[in-house]
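J.: Give me a model of this one.
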Amino acid sequence: MAALATRIAEQGESSPAQYPTAARAHNPWAIALTVTIATFMELLDTSISNVSLPHIAGGLGTSYDEATWVLTSYLVANAVILPMSAWLSRVFGRKRYYMMCVALFTATSLLCGLAPSLGMLVFFRVLQGIGGGGLAPVEQAILVDTFPAAQRAGAFALYSMAIVTAPAIGPPLGGWITDSFSWRWVFFINVPIGLLSLMLSSRLVHDPAEFTQERIKARRGGRLRIDYIGIVLIAIGFALAVKG
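T.: Below you'll find the model as predicted:
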C-alpha cells in the first residue's frame, strides 16, 4: 500500500491510501442513498419538463414544435455521453468524474431556468444532458464496488426504485410546479438536490485502490488517449437519427 501511495503521488494524484479505508468507514447504504439521489434528479428531468412545453413556448415566444428541442437536445446529449462514461471515469477518476457530472448538471439546471431565449435554453439542455448522461454508469460501478455480492441485489433494488419512480412522477410534478409557480422552476428544483448530492458525494464516495491502480497502468500504457474521431461519429450518428 505504501508503494502504491508513492507511485500515485508521483503521478500527481490525490493520496489513494484513503480509498479502501474510507470506503469501509462509511455505511454502504448511505453511499447507495447518495448515488440514488443523483439518479432520481437526473431521471426526473427527462420527463418533468414535458408538460411545461406549451408554457416554455409561450414564455420564450416560440412555437410548440420548436420547444420540443428542449426535450430532444437533452436526450441526444445524454445518449452521446453514455458510452464514453467508462473511459472518462478512467481519465479523471471515478469520484472526480462523478462529481463533475453532478456539478455540471446542477449548474446547467440553474442556467436553464434563467435562459432568456429558446436557443440558450437548448444549449444549456445539451450541457445538462452531458452531465446527466455520465451519472448512471458511474453510479452502478460505485454500487458494485461498495457492496459485497450478497448485498448487491438490495442495493440495486433501492437504485431501481429511483429509476422507476422518477419518470412516473415527473409529469404531474412538472404540471403542478408550472401551474403554481413558473416553468422555470422545473429546472430550479434540481439545484438544491444537486448541491446535497455534491456534499454527500464528497464525504462518502471514494475510488477503490484497485481502480486507481488500473488507471495508473492504463495511463502509463497509453490507453487513455482521446478518441476524437469516435466521439464525433457518435454525435453525428445520434444527430442524424433524431433528424430522420
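
J.: Ser85: neighbour count?
T.: Applying other C-beta atoms under 10 Å, we find 22 residues neighbouring Ser85. C-beta: built from backbone N, CA, C; applies to glycine.

J.: Contact partners for the closest residue to His55 other than its chain neighbours?
T.: Among residues not flanking His55 along the chain, Trp183 sits closest, at 4.2 Å (C-beta to C-beta, 6 or more residues apart in numbering). Shown in contact with Trp183 (C-beta atoms under 8 Å, 6 or more residues apart in numbering): 49, 52, 55-56, 59, 177.

J.: Strands along this structure, start to end?
T.: Along the chain, no segments are classed as strands by DSSP state E.

J.: ok so, going back, in JSON lines: the contacts of Trp183, plus neighbour count, pLDDT and distance to Ala150.
T.: Formatted as JSON lines, the contacts of Trp183 follow (neighbours: other C-beta atoms under 10 Å; pLDDT from 0 to 100; distance: C-beta to C-beta, whole Å):
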{"residue": "Ser49", "neighbour count": "26", "pLDDT": "84", "distance to Ala150": "40"}
{"residue": "Ser52", "neighbour count": "24", "pLDDT": "88", "distance to Ala150": "43"}
{"residue": "His55", "neighbour count": "19", "pLDDT": "90", "distance to Ala150": "48"}
{"residue": "Ile56", "neighbour count": "22", "pLDDT": "91", "distance to Ala150": "47"}
{"residue": "Gly59", "neighbour count": "16", "pLDDT": "88", "distance to Ala150": "51"}
{"residue": "Ile177", "neighbour count": "21", "pLDDT": "91", "distance to Ala150": "41"}
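
J.: of all those residues, which two lie farthest apart?
T.: Using C-beta to C-beta, the contacts of Trp183 reach their maximum pairwise distance at Gly59 and Ile177, which is 13.8 Å.

J.: And the pLDDT at the residue nearest to His55?
T.: Reported pLDDT at Trp183 in the predicted model: 91.

J.: Which elements pack onto the longest helix anywhere in the chain?
T.: As assigned by DSSP state H, the longest helix anywhere in the chain is helix 152-180. Where contact means 3 or more C-beta pairs under 8 Å, 6 or more residues apart in numbering; DSSP states H and E, helix 152-180 is packed against helix 28-44, helix 135-146, helix 185-188.

J.: Relative to Leu121, which of these is closest?
T.: Closest to Leu121 of these is helix 185-188 (C-beta to C-beta; 8.9 Å).
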